[in-house]
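>>> this one's structure only:
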Ligand SMILES: Cc1ncc(C[n+]2csc(CCOP(=O)(O)OP(=O)(O)O)c2C)c(N)n1
Ligand SMILES: Cc1ncc(C[n+]2csc(CCOP(=O)(O)OP(=O)(O)O)c2C)c(N)n1
Ligand code: SF4
Ligand code: SF4
Ligand code: SF4
Ligand code: SF4
Ligand code: SF4
Ligand code: SF4
Ligand SMILES: [Mg+2]
Ligand SMILES: [Mg+2]
C-alpha cells in the first residue's frame, strides 16, 4: 500500500486551537502543491464545538482507502489530554511534537524523536494565542519531510482568514526557525 | 357461511343525511338487542365530511369475516347518485327503499321489491329534515325482518342525541306506520 | 315563464362571471351547504379579477383543510400542499418567481395551529405573500375539533364539556411577528373584504387577512348557532369596525363583539428588499 | 502562601455553594471559555436555591443546543429532549406533575426558530412553565449560523455578507401569544435576572425570561465583538431598564440600545385554572 | 364493574382499551381516520381523572406523551400517515430515553395526503424504519374493533415491560368498522405495571439494566434527580459521545427486543395442520383472506393462514420453519409489497411467495385472494 | 472555465456539485454534520445568482425546495438524521407531486440526538421507507468528497429525469473528510434538463405520462394554470378520492422507477472476476472494506467487492445473479443490519450472508472486515 | 348590511336592471341570496335539485337592480347577474 | 455595574470578609471574576491549568468583602466565597 512517500500524522488538541485547520493545511500542501494524495479526517466533541479534537492526515503517493491513522509516523499534541490519548499509538522512531507549556511528556519518550515548542506562548507574543497551530506547523516543516516546506507556506497563505496571511506566515517562520535551530542543536 | 339469519344491507345517500347513523342503529339492534352478529362499515368522501356516503351492514348468526356488501338483500337510497351507484348490485328479489323526492327509480325495478317514502319531506314536516333517516328506518322495520322492530326502537333511543329521543321515535313510528299501510295495500 | 327561464339556464348553464378563474369542471365544490368558505373564496377571486393583474401572474397555495381546498378550485397555478406547510412552500415559489403574486388561502388550523411557526417566520421575514385565513374557530375538515382559534368554552368534538383553552388573537400574533398588513373582516363584509385582499396584493410584504367564518356543520351545529345564515348574520351584527387600532385591542368574542378593520398597514422592507441591500450586485444579475 | 492556598484547594477542591444543584461529576461543562451561558445557568441555580422550594419539586427540560446542555448539568430531574420540543415535553410532564415547578432552559434557536410554534401555543394556553431563553443571536452549538434572533446584517456562517432578515422581538412575541410574565435582561444584570427567574417560579402561568448572551466563539468572533468580557460589558452598557413598557417597544439593537426590564406581569387564568373551570369535579378527584 | 357489550367503532374500541388498562393522558392532533380515537379519549379521560390535551401538531403530541409518561401517567397518542411521519423524530426520542407509551396509527392511503378517508396498509415498513438511526420497535396489528381493544391493552403492557413506545397499526376500515366489543370488568384485565426501582437514590442508575436488559424506572419528583437525554448515554443517563458507550447503549436497546422475541411475537394460526398454501395476512386484509381461505377449503385446497398480531418484531422463526414445509406463501397487503419482503427474506428461497398487492382505497375482495391461492 | 482542484470536505464538495450542475436554490436548517453543505451553499449561491434561505426548520426547508422547484429552480436541502425524520412528510409530498429536487442526508449516529458529531449508516432503511404510504425512491451513496461531488450531480439529473426528490446518503466521516476534488469545467458537466412540455395549455395534462411514465412539466406563471396536490389525483392533477384513480397514480409512481431500474442502478465491481467472497459495501464503509479486500487478496483469499452507488432502488438483479456463484456475501455497515436484510432477501438462501455490524460512532477497522472474510 | 343600503337619490337616478341566472344544480339551498337581495327578487323554490336542495328562483325579475349582491354572496358560484341595459 | 457600587456608608459599617476559593481546573480563564471584583482581590495568574488556561489567584485575600460577585458571575462554577466572619 505505502508507496515511496507515505506519512500518517495525528494533530491533536482541543477545539479552538486550530487543530483541524493544521490538518487541512498539510493536506492542501500535499495535494495541491506537492501533487500527491492526502486525506484528512477529523474528530471532535459534541456538535461542532469545544472539547478534545484531532486531525488524522495521511499523505501518500498511492490511493488512500482507509482514512484513519492508528500508528502515526508523526504526532503533534497541543494538550495534555491529547498527548495522553495518542502517545502510545506513535510508532517507534516516530516524531513527536508538543507544546511545551501544555504537555508534560512521560519518561518513555525515548522510543520516539521528541521535540517541544512553547507554541502557545510564542503565539501569544505574536499577538494571538490562536496562531499556536501555525507556529507548530512551521516547526513541523523544519523537522519532517512529510510535505515540502514551501508548499506548506503556500497552503498557510491560502488557508488562513484574509488579512491575516502575513501574521500567520510570521508565526510559521517563528516555528520553522525554532525547529531549524533545535535540529542543528543550536536551540 | 350464511346461517339462518343473514342479511346484507346497504344504506346510501350523502354526508349529513344520517346514513352512517342508520347503519349503526341497525347494527346495535342486531348485536346488543337481537344478540346476533353485525358489522357496519362505511365509506364517505374527502376527510370526514360531505359528498356521497354509504353504510354497509351485515347481520348474521355466524362470524362475519368479510365486511363489505356487494349484493345486498336490502338497499336504501336517499339520493339519486346513491341509487344509481348501487341499484345494479341489489339481488334479485331484494328490497329497495328510496326517498320519493330524492330518487327517480328506473323502469327495471321489477326485479326487486321496491317501496318509496317521502322521508325527507315527512321529516321536514316533523320539524327537522335531519330525521329523514329515522323515518326510513321505521319504514324498513315494518317491511323487513332483518332485525326486530322493537330492538330497532331501542337502538334508535340509545343512539340519537340526548333530548331528541322522543322526536326521533316519532319519526320512526311515522315511517313504520307508512310501511305497514303500504304493506297491507292501504297506503 | 319565470320557471322556464330557470329551467333553460339549468339545461345549458350560462357563464358565471368568475368562470375563467374557476375550475368549472370541479364544481360543485365540497363545501357544505351554507358554508361561507365559498363566499370568502369568491371574494378572493373577485379581488383577483378586479386587480387588473394578469391572471398568469398569480399562484394560489393552500394547506390541508376545508379552506385549503380552495387551491383546487381556482383556475390559476395552484398547489395544495401538506397540512400547515403552505407558507414555506409559497416562500420557495415566491423566491423562484419574485414577480408573481402568491396567495396563501387556508384555514386557521392549518395556518396557526400546526402551521404557526411558518406563519410567524414568514411574517418576520416580511416575505411578500398574501395570506387569507378562513378562521372558522375549528378544524372543519376533520369534523370539528378544538383548535387554537376556538373560543373558550366552545363545544367541539374534542372538548365535549367546552374548550378549556383560550384562543389566539391571530391579528395580534401577525403584527407581533412583523406583518406589514393585517386586517380582519367577517364574511358579510364582502366588499371590504374584497378590497382588503386587493390592498394585500398590492402591498409589498407579508399581508394577512383574517376572515371570520361560520363552519355551520362542525362548529355551528355543536355550538347551537343555528342555521348557516344566522351565524354569518350574527357575526356581522356584533362586528365593530375599528380601523388602525393596534390589533392587540381587536377583541374577538363571538358572543359579544368582533372587532374588524384594517389594523396594520405599514412600510417595512421586505425579504427581497433586504436581500438586495445585502447583495446589491445580484439585482443586476437577476435583470430586475 | 497565597499561591499555596490555591494549590491546596486545587488538590482537594472545596464545595461550591451550588454543588448540590450541580452534577459535579460532569464538570467542566462543554461551554466555551468566556461563554456566559454558564453565568446564566448559575443564575438559574441560584434562583432555585433561593426559592426555598424543595429541590425535588423542580424539573428542568432543555432542547438541543449549547444552552440546551443545561439540563445535563443540573442535579435535578432533568430531560434533554429533541431540538425545539422541550416545551411540549414539559407540557406533558407538567400535566402529569402539576405541583412541580417545570423550568425550560434552552436557546433562542431551539425555543423560537424550530420551536416557535410550541412556544406560542404554550403561551396561549398559559401553561404553567418557566421558560429561560438564552438569546445569543445564533445557533451556537452548530457553529454559528443565522437564526431568527440574528440582528440584521450580522455575520454568521450562513450569512457571509451579513444577515438579510430581521430578527423577532422575542418578548413581543411572547406577550402577543399570551405569556403572563415577560422579562429581558443581559447576563450582567445577574441579580435582577436571578430575581426575575424567582418571580417566574412563583408566577402562575407561562413565564418567559429572555437573557441576552454573548456566544463569543460563534457569534462574537464572526462579528468582531472582541473578547468575551467585552461583549457582555457592551451589552450591559447599552442596556436601558424600562420596566412595564409594552414589549413591542422594547428595542433590541446590539449596536445601540438593549431595552431590558420586566415587561409583562399579569394575572391570567392558567391552563389548569381553566381546565378546572370546565371540569370542576376533577379537582376533587385529583385530590388537590 | 361488570362486563359490557358495546356496538362501537374500531377507533372507539382502541380508546376504550386504553382507558380500560389505565391510560391517563392523551395528547393528540386530529386526523382522519384516527380522529375518533382522540374524540373518545377527550370524552372519557376527564371521567377517569385523566387529561386530554390537543396539541398544536403531532411532534408536540409525541413529545407531550413522553413527558407525561416520565411523569408517571400511562400515555397515548393516535394519528394516521401524515402525522405518523411527523412523530418519527420523537418516537426516536422515546426509544432512546426508553419511555413507555403507545402510538396508534390508523392507516389511510398515502403517499402524502393521498386518500384521507380510505384505507391502506402502506405504513408497515415506516413503522419499522421511520425514525433515523437503528432501533428495534414493537408494532401490533388488529382486524376488528374487539382486537383493537385487546391489542391496545397489550401494547400498553409491552411498552411498560420493555420500556419503549409501542405502535398499534390498524387501518381505516378497522378503525371505522363498527362491531360488538366485549369490555371485561377493568379489574379482570391483565395490566403490566411500571417497573419501579426500589433502590435508594444514591444507588439507583436509570440506565443500568436487569436481566431482561430493561432498566426499572423511578418517579419524577421523588428525589432521584435523574437525567435522561436523547444523546448517547451511559448507565447514569449522562451523555457520553463515544463509540464504546454507543455500543453499550445500542446493544441494550436492540437486544432487549431481539432476545425477547418469543415473549413478544404473537400470531394466530388457522387451519394449518395440513396446509400446503399459507396465507400470511394482518389487519383488515386478514378478513377477506379468511373468507378466501374458507372458499379455498370448500374447493378442497389445503390452505391455511397465519394471521399476524405482532408485526414487529417479525415472526421470523415461524416463517423460516414453515417455508420448507409449504408450497407457497400468499401475502395480501394493501401496498406494493412490504411485509411480503420480510416473508421473502425469511423464506430464503425455500418456497414460493406471492404478493397480492393493492394500491389502496379499498380492501381486497376475497376472490382476489382466492384466485391466487387457486393458481399456486 | 477551467478544471480546478480543491482540497475540500465532502460536505463542501457536495455543495460544489450542486452549484456545478446549476442548483439555484437551497433551503436548509443547520445540523451537524451537514451544516457545511449549507454554509457552502450560503456562500456560493449569491455568487451564481441563486438564493440561500435558512428556514425555521426542516419541514419548512423541504416544503420550500418543493415550491422553488415548481418555480423552475434546481433546488436542494441537506440535513442529518433528526432533520431527515422531520422532512419525511414533505418528501412524500415531493413524491406524489413529482417534484425534482435533491435531499442530502449526512448520517450521524442515532437514534434521536445520539452522537451528533460521529458517523453511522443508520438511516439507510429510513431513506427507503421513512415517509408514510408506499412509494419508490432513488438514493445514492458516496465514499469520498470526489464521489460526493459526482453523485450530487447525478442526483440532480435523476431527479429531473424521473421527477422525484432524490436522496444523497452519505455519512459524517465522508462529509467531514477532506480530500482533493477535481471540479471539471461546468460546461463539460452532463446536466439533464427539466422535461418541459411543448403542448399548449389547452392540451397539456400535468400528470399524463410519456413512455417513461414521467410527465413533462411546465413553468409556473406561463399560462398553464396547473394544479398539483398531495391528494390522489388524476391526469389533470385533480383530486379524485377513489381506489381506481389511486391505482392509476400509484402504478405510475411505482413503475416509473421499477421499470427503469437498469437505467438508475449503479455500482462498482472490484476484483470480481474470480471472487468467491464478495464484500457488499457503501459509503464510508467501502473504504475499510477496500483495504480489507487488498489484505485478503494478499493472503490469497479470492475476495471481491461490490460497491453500491445506488442504494435505492436496490441492485436486486445483480445480487440474485451473484448469490449462487459465490461462497458468501460480507456486508459491513454501521448499523445493526439494514442493507444486509436486502442482500439476504435477494440471495434467497443461495449463499451465506454475514453482517459486519457496528453501533456507530466510528468506522470499521479493515481488520474487522478482514477477519470475517477470512473465516467465511 | 350597512353599506348596501339603497342610495338616497334612488328614485331620481336611472335604475340599473340586471338579469339573474341560476345554475340550479350547483345550488345548495343556503338562501343567502334570497335573504340578502335588497329587492326581494328571489324566492326559494319548492322543488329539489339533483342534490336534494331547494334552489331559489327569480320571482320578480323586473325588480332586480343589478346590485350583484346575490352573486358575491353565493358560496356556490350558482347565481350571477348580467347587465340588462346593454 | 450600576447596582454593584459600594454602599455610601461603606467606611462606617462593619466590613464583611470573605474567603475566596478557586477550583483551578474548572477555570477557563475568562477573567470575568477578576474584572468584576469591586476590590481587585483577584489577578490572572501566569501559569496554565490542566486545560491550558490561566486561572485567577487571590492576590489580596484580606480585601475581599464577600460580595460574591465573582462567584455569581463565574460561568464555570470555579470560584466561590465563604463567609470569614463566622
Ligand atoms: C400532518 C397532518 N395532521 C393532521 C391532518 C388532518 N387534518 C386535515 S385538515 C385538518 C384541519 C383543518 O383545519 P383548518 O385549517 O382550520 O381548516 P378548515 O377545515 O377549518 O377550513 C386536519 C387536522 C393532516 N392532513 N395532516
Ligand atoms: C431537528 C434538528 N435540527 C437541527 C439540529 C441541529 N442543532 C443542534 S443545536 C442547534 C441550534 C441550537 O441553537 P440555540 O437553540 O440558539 O442554542 P445555542 O447553541 O445557541 O445555545 C441545531 C440547529 C438538531 N439537533 N435537530
Ligand atoms: S365542515 Fe365546516 S368548514 Fe368544512 S365545508 Fe362544512 S361547514 Fe364549511
Ligand atoms: S459556541 Fe457559543 S454559545 Fe456555544 S458554548 Fe461556545 S460561546 Fe457559548
Ligand atoms: S343583483 Fe341585487 S337586486 Fe338583483 S337579484 Fe341579485 S341581489 Fe337582488
Ligand atoms: S346563495 Fe347560491 S347556493 Fe345559496 S341559495 Fe342562493 S343560489 Fe343557492
Ligand atoms: S466576593 Fe466580591 S470582593 Fe471578594 S473576591 Fe469575589 S468579587 Fe471580589
Ligand atoms: S470567572 Fe471563573 S472561569 Fe472566569 S477566570 Fe474567574 S474563575 Fe476562571
Ligand atoms: Mg378552521
Ligand atoms: Mg442560540
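Right, received. Where do you want to start? Owing to the predicted nature of the structure, the values given are computational and were not obtained by experimental measurement. Ligands and ions are numbered 1, 2, ... in the order given.
>>> before we move on, what SS does the residue of chain G found nearest chain C have?
Residue nearest to chain C within chain G: residue G:75 (2.5 Å; C-beta to the nearest C-beta). (Glycine included, C-beta is placed from N, CA and C.) Under DSSP: H, G, I helix; E, B strand; the rest coil, the three-state class of residue G:75 is coil.
>>> Can you give me the distance of it to residue E:26?
Residue G:75 sits 35 Å away from residue E:26, going by C-beta to C-beta, to the nearest Å.
>>> These two: who's more crowded?
Using other C-beta atoms under 10 Å in any protein chain shown as the criterion, residue G:75 and residue E:26 rank with residue E:26 on top: 32 against 27.
>>> Surely that one is within a helix?
No - assigned with three-state DSSP, residue E:26 falls outside any helix and is strand.
>>> beta partners of it?
As for beta bridges, residue E:26 partners with residue E:52, residue E:76 under DSSP bridges.
>>> Surely it and residue E:41 touch.
Yes - here residue E:26 reaches residue E:41: they are 4.0 Å apart, a contact under C-beta atoms under 8 Å.
>>> so where's the longest strand in chain E?
strand E:101-109 (DSSP state E).
>>> How about the residue of chain G closest to chain C: what's its closest non-neighbour residue?
Spatially, and ignoring its direct neighbours in sequence, residue G:75 is nearest to residue C:38 (2.5 Å; C-beta to C-beta, 6 or more residues apart in numbering or on different chains).
>>> Within its sheet, name the partner strands of the lengthiest strand in chain C and how each one runs.
In terms of residue count, the longest strand belonging to chain C (DSSP E) is strand C:257-265. If you go by DSSP bridges, strand C:257-265 pairs up with strand C:181-186 (antiparallel), strand C:239-241 (parallel), strand C:252-253 (antiparallel).
>>> Buried deepest among the ones you listed, which one?
Compared across these, strand C:181-186 shows the largest average neighbour count, a mean of 28 (mean count of other C-beta atoms under 10 Å in any protein chain shown).
>>> For the residue nearest the centre of chain G, give me its contacts.
Against the mean C-alpha coordinate of chain G, by C-alpha atoms, centre = their mean, the closest residue is residue G:70 at 4.2 Å. Contact analysis of residue G:70 by C-beta atoms under 8 Å, 6 or more residues apart in numbering or on different chains lists G:20, G:32-33, G:36-37, G:41-42, G:79, G:81.
>>> how close does residue E:156 sit to chain B?
Relative to chain B, residue E:156 is positioned 26 Å away (C-beta to the nearest C-beta, to the nearest Å).
>>> Hmm, that residue is touching residue E:19, no?
No - Residue E:156 lies out of contact with residue E:19 (C-beta under 8 Å); the separation is 10.7 Å.
>>> quick one, phi psi at the closest residue to residue C:115 other than its chain neighbours?
Excluding its sequence neighbours, the residue lying closest to residue C:115 (C-beta to C-beta, 6+ apart) is residue C:84, at 3.3 Å. Note on residue C:84: backbone dihedrals following degrees, to the nearest 10 are phi 90, psi -10.
>>> Next up, the contacts around residue C:84.
Here residue C:84 is in contact with C:63-64, C:110-111, C:113-115, C:118, E:57, F:59 (C-beta under 8 Å, 6+ apart).
>>> Now do the SS call for residue A:42.
Applying three-state DSSP: residue A:42 is strand.
>>> Confirm that residue E:280 sits in a strand.
Yes - Residue E:280 sits within a strand when classified using three-state DSSP.
>>> all strands for the stretch 101-250 of chain C, in order.
For the stretch 101-250 of chain C, the strands defined by DSSP state E, counting those that start in this stretch cover C:101-107, C:130-135, C:181-186, C:207-212, C:239-241.
>>> what about the longest strand of chain C, distance to the chain center?
Distance of strand C:257-265 from its chain centroid, counting by C-alpha atoms, centre = their mean, to the nearest Å, is 15 Å.
>>> where does chain C have its least confident helix or strand?
One helix or strand of chain C scores below all others by mean pLDDT, DSSP states H and E: helix C:2-11, with a mean of 39.
>>> surely residue E:248 meets residue E:232?
No - in this structure, residue E:248 is not within contact of residue E:232 by C-beta under 8 Å, at 9.1 Å.
>>> more crowded one of those two?
Taking other C-beta under 10 Å, residue E:248 and residue E:232 do not tie; residue E:232 has more neighbours (30 against 17).
>>> ok, the more buried one - contacts?
Per C-beta under 8 Å, 6+ apart, neighbours of residue E:232: E:96, E:239-242, E:245-246, E:249, F:109, F:114-115, F:361.
>>> before we move on, which element is residue G:20 in?
Per DSSP states H and E: residue G:20 is located in strand G:18-22.
>>> what is the mean pLDDT for that strand?
Per-residue pLDDT values across strand G:18-22 average out to 94.
>>> Contacts made by it with the rest, please.
Contact with strand G:18-22 is made by C:6, C:9-10, C:13-14, G:41-42, G:55-58, G:61, G:64-68, G:70, G:78-84, as judged by C-beta under 8 Å, 6+ apart.
>>> Near chain H, which residues of chain A are found?
Taking C-beta under 8 Å from any C-beta of the partner chain as the contact definition, chain A meets chain H at A:14, A:79-80, A:101-102, A:120.
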